[in-house]
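Engineer: sequence and predicted structure are below.
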Amino acid sequence: MYLYCFIFFLLLIIFIISKLLSPKQINIQGKHVLITGGSSGIGKALAIEAVRQGANVTIIARNEKRLDEAKQKIERQIKDRNLQKVLAISVDITKDADTVKNAVNKAEKELGPITILINNAGSAIAGRFEETSVEQFQRMIDLNFLGSVNVTKAAIKGMKENNEGRIVFISSQAGQVGVFGYTAYSASKFALRGFAESLQMEVKPYNIYITMAFPPDTDTPGLAEENKSKPKETLLISDTVGLFSPSDVAKTVFRDAVNGRFLSYVGMDGWLLSNLSSGMSPATSIVDLLQQVFTMGIFRFVCQFYLFHFDRIIRKCKEEKDSKLKSS
């Protein structure tokens, strides 16, 4: 009898918590989705996913030629050509806030209030700390962090007025764990996490939910360019996770954004890292909360073996370099 009562009250508590945690899924049919860095890679894949689900889409990037090419590809995926529209705006989001605000205002005038903002624009610089210039550190902060601040600041007022919205920050698994060669890149992506958690507290009363996405290495032109100058250690560490397609990453991120999920991950390693690094981040589903509660300890232990493996890679590379120096 007592056992049944305990189980009943436990299920009741779980049900109540679940109702308190879960954001309401939004309908994006005919709504406006704005994506920065939308001319290639994950950004373009996200734009394609959005139009396939019936949304109007604005893509923002710097390169006008690539923007126009991406716009044409995205338009071919439109669900209803009579109702949907794709807008491309060329702007550097690292410039002054007024320039970015004007671009966002133009998009809202054309396609209406923004329902989902996806801060995807970013790039990576990989190199040993002493070989990474202060200017490169500044570039990472400007593009990967402050660019997202500029666009979010421009869009947030309209979302609050509509009492609805989703804001996505595309981080990286290197924004969950520091990786050899990513002293500048990881720092800029870790910064997004603190910004997102703080902002979520401010905007939740307005029915605005934030998604932090932590994609693994994704088969994009940006990654191909980055790999040309990556230290050997960074390449070998990255190989332990594998490579994912932009469309698979986009489908996961977009689904999590629509559902208002705070942590978005791809693959088994992504699941492990998101549970392990959940910390004080908002729980947006009872399933995620229970996973984090019951797996954090064991995952902390498991991840230590990953770190042992990474240390062996770095040590072996150092030994190879020392050997070459001695023989030269």
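Structural biologist: Noted; the coordinates are in hand. Numbering: from 1, shown residues only.
Engineer: what is the burial count for the nearest residue to F310 once chain neighbours are set aside?
Structural biologist: Spatial nearest neighbour of F310, excluding adjacent residues (CB to CB, 6 or more residues apart in numbering): I237 at 5.4 Å. Any C-beta I mention is one placed from the backbone N, CA and C, and that applies to glycine too. The local packing of I237 (other CB atoms under 10 Å) involves 22 other residues.
Engineer: check K71 too.
Structural biologist: A count of nearby residues for K71, using other CB under 10 Å, gives 19.
Engineer: residues in contact with it?
Structural biologist: With contact taken as CB atoms under 8 Å, 6 or more residues apart in numbering, K71 is in contact with 59, 86, 88.
Engineer: quick revisit: quick one: the residue nearest to F310 from D269, how far?
Structural biologist: 12 Å (CB to CB, to the nearest Å).
Engineer: so what's L263 closest to, chain neighbours aside?
Structural biologist: In space, L263 is closest to S274, 4.6 Å off (CB to CB, 6+ apart).
Engineer: re the thing from before, can you give me the pLDDT of the residue nearest to F310?
Structural biologist: The pLDDT attached to I237 in the predicted structure is 92.
Engineer: just checking, it is part of a helix?
Structural biologist: Yes - counting by DSSP: H, G, I helix; E, B strand; the rest coil, I237 is found in a helix.
Engineer: ok, it touching R312?
Structural biologist: No - I237 sits out of contact with R312 when judged by CB atoms under 8 Å, with a separation of 10.5 Å.
Engineer: let me see the ranges of the helices in this protein.
Structural biologist: 2-21, 41-52, 64-75, 97-111, 134-140, 147-162, 183-203, 221-227, 232-238, 246-258, 267-276, 286-327 (DSSP state H).
Engineer: out of the ones you listed, indicate the one that is most buried.
Structural biologist: Using mean count of other CB atoms under 10 Å, the stretch among the helices of the chain with the greatest mean number of neighbours is helix 41-52 (a mean of 26).
Engineer: chain center to it, what's the gap?
Structural biologist: 14 Å (CA atoms, centre = their mean, to the nearest Å).
Engineer: cool, stretch 57-64 as well?
Structural biologist: So, by CA atoms, centre = their mean, the centroid of stretch 57-64 is 18 Å from its chain's centroid.
Engineer: and it, what's its mean pLDDT?
Structural biologist: 95.
Engineer: what lies in contact with it?
Structural biologist: With CB under 8 Å, 6+ apart, stretch 57-64 has contacts from 32-40, 43-44, 47, 50-51, 67, 70-71, 74, 84-93, 103, 107, 110-111, 121, 151.
Engineer: can you pull the buried residues of it?
Structural biologist: For stretch 57-64, burial by neighbour count (16 or more other CB atoms under 10 Å) applies to 57-61.
Engineer: ok, so of these, who is nearest K157?
Structural biologist: T58 (16.6 Å; CB to CB).
Engineer: V241 touches D217, doesn't it?
Structural biologist: Yes - the pair V241 and D217 passes the contact test of CB under 8 Å, sitting 6.2 Å apart.
Engineer: if I pick the residue nearest to F310, what's in contact with it?
Structural biologist: Taking CB under 8 Å, 6+ apart, we find I237 in contact with 179-180, 310, 313.
Engineer: out of those, which two sit at the greatest distance?
Structural biologist: Largest separation among the contacts of I237 by CB to CB: V179 and I313, giving 11.0 Å.
Engineer: distance of L223 relative to D288?
Structural biologist: 28 Å.
Engineer: pLDDT at the nearest residue to T234 once chain neighbours are set aside, what is it?
Structural biologist: Nearest non-adjacent residue to T234, counting by CB to CB, 6+ apart: G181, 3.6 Å away. Model confidence at G181, given as pLDDT, is 95.
Engineer: wait, doesn't V249 sit right on S264?
Structural biologist: No - taking contacts as CB under 8 Å, V249 lies outside contact range of S264: 9.3 Å.
Engineer: quick check: nearest residue in space to P23, chain neighbours excluded?
Structural biologist: G260 (3.0 Å).
Engineer: sorry, wrong one. I was asking about M212.
Structural biologist: Nearest non-adjacent residue to M212 (CB to CB, 6+ apart): A196, at 5.0 Å.
Engineer: what does L67 give?
Structural biologist: Sequence neighbours aside, A88 is the residue nearest to L67 in space, at 4.4 Å (criterion: CB to CB, 6+ apart).
Engineer: Q136 too?
Structural biologist: I125 is the one closest to Q136 (CB to CB, 6+ apart), at 5.1 Å.
Engineer: can you give me the neighbour number for the one you found?
Structural biologist: Residues lying near I125 (other CB under 10 Å) number 21.
Engineer: if I pick it, what's in contact with it?
Structural biologist: With CB under 8 Å, 6+ apart as the criterion, the residues that contact I125 are 132, 136, 139-140, 184-185, 226.
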